[in-house]
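1. Sequence first, then the predicted structure, then my questions.
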Amino acid sequence: MHIVLDPEEIAYVKSKLQSKTVKKKSLLSEAGDICRNIYFVNKGCLRVFNTDKDGEEHNILFCPENWWAADLASFSGQTPAFYSIDTLEDTEVLYFSYSALEQLYIKIPKFERFFRILTQNGFSLYQRRMTANLSRSAEERYERFQKQYPKLEQRIAQKHIASFLGITPVFLSMIRKKNL
């Protein structure tokens, strides 16, 4: 945790926090709509993805337990989203609406610090992933995926992992067999 809250602040944060349980394969946010919430995964797994003009899905991020998820540009600017967010498993999320988070920033300014650090860490992760996609082999990207998301590949479909790595499911299967 990047900030320390007193009991009164904790109570206020909890008053703004919402929760829900969502079934597998449910959309939380759809490209073209405004991303109204920022989600924290308590249990389960989300994915952030884009669907191209040919209907091909491109996974850019998996969000298992203790990860945050949003189309950040859409959420921050309250503009149409480029990415969709859905559930890869039955998932429990905690979330803040845009207005609730804005109220938190005003009432508890150190909350802005928390989300600034979260955003900086996410941007850094994104930059490293883009560099890896441009400069590393598929095998190296797969090894990096395994380190970044331990045990996740036993929980989600191979097609989603392949999309995240920028390869076909058949090629991913070949890599996995080679590594056995």
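-> Here it is on my side, so go on. Residues are numbered from 1 along each chain as shown.

2. for L17, what are its contacts?
-> By CB atoms under 8 Å, 6 or more residues apart in numbering, the contact list for L17 reads 94-96, 100. Backbone N, C-alpha and C define where each C-beta goes, glycine included.

3. ok, how many other residues are close to R47?
-> 22 (other CB atoms under 10 Å).

4. Let the chain start at 35 from now.
-> Will do, 35 is the new start, and the previous item becomes R81.

5. Following the chain past the host helix or strand of it, name the next helix or strand.
-> R81 is part of strand 80-85, with elements assigned from DSSP states H and E. Next helix or strand after strand 80-85 toward the C-terminus (DSSP H and E): strand 91-97.

6. so what strands line up beside the next helix or strand after that following strand?
-> Once the chain leaves strand 91-97, the next helix or strand it forms, by DSSP H and E, is strand 102-103. Take DSSP bridges as the rule and strand 102-103 pairs in its sheet with strand 71-77 (antiparallel).

7. List the buried residues of the partner strand.
-> By neighbour count on 16 or more other CB atoms under 10 Å, the buried set for strand 71-77 is 71-75.

8. any chance of those in TSV, plus pLDDT and distance to G156?
-> Below are these laid out as TSV (pLDDT from 0 to 100; distance: CB to CB, whole Å):
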residue	pLDDT	distance to G156
N71	97	16
I72	96	11
Y73	97	13
F74	96	13
V75	97	14
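
9. Mind putting those residues into a markdown table with distance to Y117?
-> A markdown table is the format used below for those (distance: CB to CB, whole Å):
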| residue | distance to Y117 |
| --- | --- |
| N71 | 13 |
| I72 | 13 |
| Y73 | 13 |
| F74 | 17 |
| V75 | 16 |
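
10. and the two most separated of the residues you listed?
-> Pairwise distances across those (CB to CB) peak at 12.5 Å, for the pair N71 and V75.

11. quick revisit: of the contacts of L51, select the buried ones using a ChimeraX command.
-> ChimeraX command restricting the contacts of L51 to the buried ones, with burial defined by 16+ other CB under 10 Å:
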select :128,129,130,134
